[in-house]
Structure formats: structure tokens, C-alpha cells
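Enquirer: build me a structure from this.
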Amino acid sequence: MTHSFVVHIPDAELEPEPLDPAQIVSGTPEVTGKVIWESEDGRQVRGIWQITPGVVTDTEANELFVVISGSATIEVEAGPTLHVGPGDMTVLREGDRTTWTVHETLRKAYAISL
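Expert: Reported below is the predicted structural model:
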């Protein structure tokens, strides 16, 4: 995109992003998302991401996100346990190994640096 823009996050239509079955610990979580902006070199990504209830594992990128709706507990291996909900801003470090327990469908706006 070459111009400034606005996206209303709660109503944004998202596309399915299938989870690797190896990441699912319990439940039947489903992920959807949409990249809103990406730098020309692909190293900066901005978007919206959503996950339904369940427990999943992940290895994180360098990410800042704000929860728009829903709630989750994020356990960082050898680190803190984060309780996130609407209005919370969270920073995850590249390489963090996490376990997400999603209590209510969680929607977030994110900025990732690769």
C-alpha cells in the first residue's frame, strides 16, 4: 500500500490459516488472519489474527500485539505466564516458545519484525 489507511479491526474479514496439527495440544482451535501491510523487504508485517478456544504451542517472532477481544493465557517457556484480554498490549520475543490457552475467541492486531 502506498497511502495511509484505516481498518476497523472488530469487523475485518479474515482468511483461514490452518494450524499445523503438531501445534494443537487440546481442543479444536481454528485460526484466521489477514496481513494488512507488509514492507517491501518482507521484514515488517502488520495484520489481524484470530484464534478460537483451545490450547496450542508456538515459537514466536519479534511481535507486539493488542488484544481487541477475547482472552488467553500465554505461558512462555522459562519465562512469565501472561494473561491477556481486551486492551492489553503484549510483547513477545523472537524465539520464545509458548503455550497459548485460549479461553474465549481472541482477536488481536499485531506488528511483527522479522
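Enquirer: show the contacting residues for E60.
Expert: Listed by Cβ atoms under 8 Å, 6 or more residues apart in numbering, the contact set of E60 reads 92-98. All C-beta atoms are positioned from the backbone trio N, CA, C, and that covers glycine.
Enquirer: show me what V76 is bridged to.
Expert: Beta-bridge partners for V76, by DSSP bridges, are T98.
Enquirer: pretty sure it contacts G95?
Expert: No - V76 lies out of contact with G95 (Cβ atoms under 8 Å); the separation is 10.5 Å.
Enquirer: give me the more crowded residue out of those two.
Expert: For V76 versus G95, the count of surrounding residues by other Cβ atoms under 10 Å is larger for V76: 15 against 10.
Enquirer: tell me who's in contact with the more buried one.
Expert: Residues in contact with V76 (Cβ under 8 Å, 6+ apart) are 82, 92, 96-98.
Enquirer: show me the strands in the chain, by range?
Expert: Using DSSP state E, the strands of the chain run over 15-16, 24-26, 31-38, 44-51, 54-59, 62-76, 81-84, 89-92, 97-113.
Enquirer: save the ones you listed as a markdown table, and put in distance to F5 and mean pLDDT too.
Expert: As requested, the strands of the chain are arranged in a markdown table below (distance: least, Cβ to Cβ, whole Å; pLDDT from 0 to 100):
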| stretch | distance to F5 | mean pLDDT |
| --- | --- | --- |
| strand 15-16 | 18 | 98 |
| strand 24-26 | 34 | 98 |
| strand 31-38 | 8 | 97 |
| strand 44-51 | 11 | 98 |
| strand 54-59 | 28 | 98 |
| strand 62-76 | 17 | 98 |
| strand 81-84 | 26 | 98 |
| strand 89-92 | 21 | 98 |
| strand 97-113 | 13 | 98 |
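Enquirer: with respect to V7, which of those lies nearest?
Expert: V7 lies closest, by Cβ to Cβ, to one member of the strands of the chain: strand 31-38, at 5.7 Å.
Enquirer: would you mind pulling the contact partners of the closest one?
Expert: Contacts for strand 31-38 (Cβ under 8 Å, 6+ apart): 1, 7, 12-19, 44-52.
Enquirer: if we go to 7 Å?
Expert: Contacts with strand 31-38, where a contact means Cβ atoms under 7 Å, 6 or more residues apart in numbering, come from 1, 7, 12, 14-17, 19, 44-51.
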